[in-house]
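Visitor: just coords:
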């Protein structure tokens, strides 16, 4: 049987020390914040930020987007439904109109919220109030429009069909100017919608046709493969999607590389309140060594990123 050891205190006088001047440091005075005044320009504001891995990532992403724009390379934004609900649609539309974003990608929830804002000027019901009495997801108009779009989308893709539907009937969609998908259709930007059957309220309605939805969203996947295959010098931003869009991106990437695309130089980013497993692995790590993670509320991060991109483009 082992016997316990009786330890005596170590004599700390024997420690070897060295000067702080010989040590490597992660933080220096030049890295600290320089608080900007109330009347400071946005350029001065960005210059005032502390130098940290987070601010370096923001600057790196903005510079990468600006380089892609100048190289005429794709900049794709894959956005989740919350991105629409937190009011970022007009910002993404502005970035399409100014030629920064060339492709928008979403799933069924993103399409629903985008269409409802264009049609009704409001979106996002509260499931806690409607799930127990059977009213959740049971509005008439949204599934009618989106299932009509699925029929049209068999031959043009679901994202294109939804955008076209809104643009072709301005009386039914009086707020189409704030729709990301309608704006993509109007501007000629690629827009794809990637549906997981059973995840969206519109699938609960009798007019939902699995054949239409499947054909339309499969066509969009193949469009997306073409976008990703062209992203040698491009930027892919995963914006607020934790599962579906990172998975779709990974499969499109696999198709593109199988067909000979060289994508190691592509820059990817994940912007979200929490860094989840699939965005980290499928967007930031596996496809490239140039992944950038920015953690925070997208309604703050995206306006900052957009303005920094504009400053990068302005500086030449």
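Guide: Structure's in. What do you need? Quantities reported herein were computed from a predicted structural model and do not represent experimental measurements.

Visitor: which stretches in the protein count as helices?
Guide: Under the criterion DSSP state H, the chain contains helices at 42-48, 53-70, 81-85, 89-97, 108-120, 127-130, 141-156, 158-168, 180-187, 210-229, 244-258, 277-278, 298-314.

Visitor: could I get those helices as JSON lines with distance to residue 9, mean neighbour count and mean pLDDT?
Guide: Heads up, the C-betas are built off the backbone N, CA and C, glycines and all. Listed next are these as JSON lines, based on distance: least, Cβ to Cβ, whole Å; neighbours: other Cβ atoms under 10 Å; pLDDT from 0 to 100:
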{"stretch": "helix 42-48", "distance to residue 9": "49", "mean neighbour count": "14", "mean pLDDT": "94"}
{"stretch": "helix 53-70", "distance to residue 9": "40", "mean neighbour count": "18", "mean pLDDT": "96"}
{"stretch": "helix 81-85", "distance to residue 9": "56", "mean neighbour count": "23", "mean pLDDT": "95"}
{"stretch": "helix 89-97", "distance to residue 9": "62", "mean neighbour count": "19", "mean pLDDT": "98"}
{"stretch": "helix 108-120", "distance to residue 9": "62", "mean neighbour count": "25", "mean pLDDT": "97"}
{"stretch": "helix 127-130", "distance to residue 9": "60", "mean neighbour count": "11", "mean pLDDT": "89"}
{"stretch": "helix 141-156", "distance to residue 9": "73", "mean neighbour count": "19", "mean pLDDT": "95"}
{"stretch": "helix 158-168", "distance to residue 9": "70", "mean neighbour count": "25", "mean pLDDT": "97"}
{"stretch": "helix 180-187", "distance to residue 9": "67", "mean neighbour count": "25", "mean pLDDT": "98"}
{"stretch": "helix 210-229", "distance to residue 9": "62", "mean neighbour count": "20", "mean pLDDT": "98"}
{"stretch": "helix 244-258", "distance to residue 9": "53", "mean neighbour count": "20", "mean pLDDT": "96"}
{"stretch": "helix 277-278", "distance to residue 9": "45", "mean neighbour count": "14", "mean pLDDT": "91"}
{"stretch": "helix 298-314", "distance to residue 9": "51", "mean neighbour count": "18", "mean pLDDT": "96"}
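
Visitor: which among those is found nearest to residue 31?
Guide: helix 53-70 (9.4 Å; Cβ to Cβ).

Visitor: can you list contacts of that closest one?
Guide: Under the criterion Cβ atoms under 8 Å, 6 or more residues apart in numbering, residues 46, 49, 73-75, 99-100, 233-235, 237, 267, 269, 290, 292-295, 301, 304-305, 308-309, 311-313 lie in contact with helix 53-70.

Visitor: and the helices of the chain as JSON lines, adding distance to residue 286?
Guide: Output for the helices of the chain, formatted as JSON lines (distance: least, Cβ to Cβ, whole Å):
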{"stretch": "helix 42-48", "distance to residue 286": "31"}
{"stretch": "helix 53-70", "distance to residue 286": "18"}
{"stretch": "helix 81-85", "distance to residue 286": "23"}
{"stretch": "helix 89-97", "distance to residue 286": "26"}
{"stretch": "helix 108-120", "distance to residue 286": "23"}
{"stretch": "helix 127-130", "distance to residue 286": "34"}
{"stretch": "helix 141-156", "distance to residue 286": "30"}
{"stretch": "helix 158-168", "distance to residue 286": "25"}
{"stretch": "helix 180-187", "distance to residue 286": "27"}
{"stretch": "helix 210-229", "distance to residue 286": "13"}
{"stretch": "helix 244-258", "distance to residue 286": "7"}
{"stretch": "helix 277-278", "distance to residue 286": "10"}
{"stretch": "helix 298-314", "distance to residue 286": "23"}
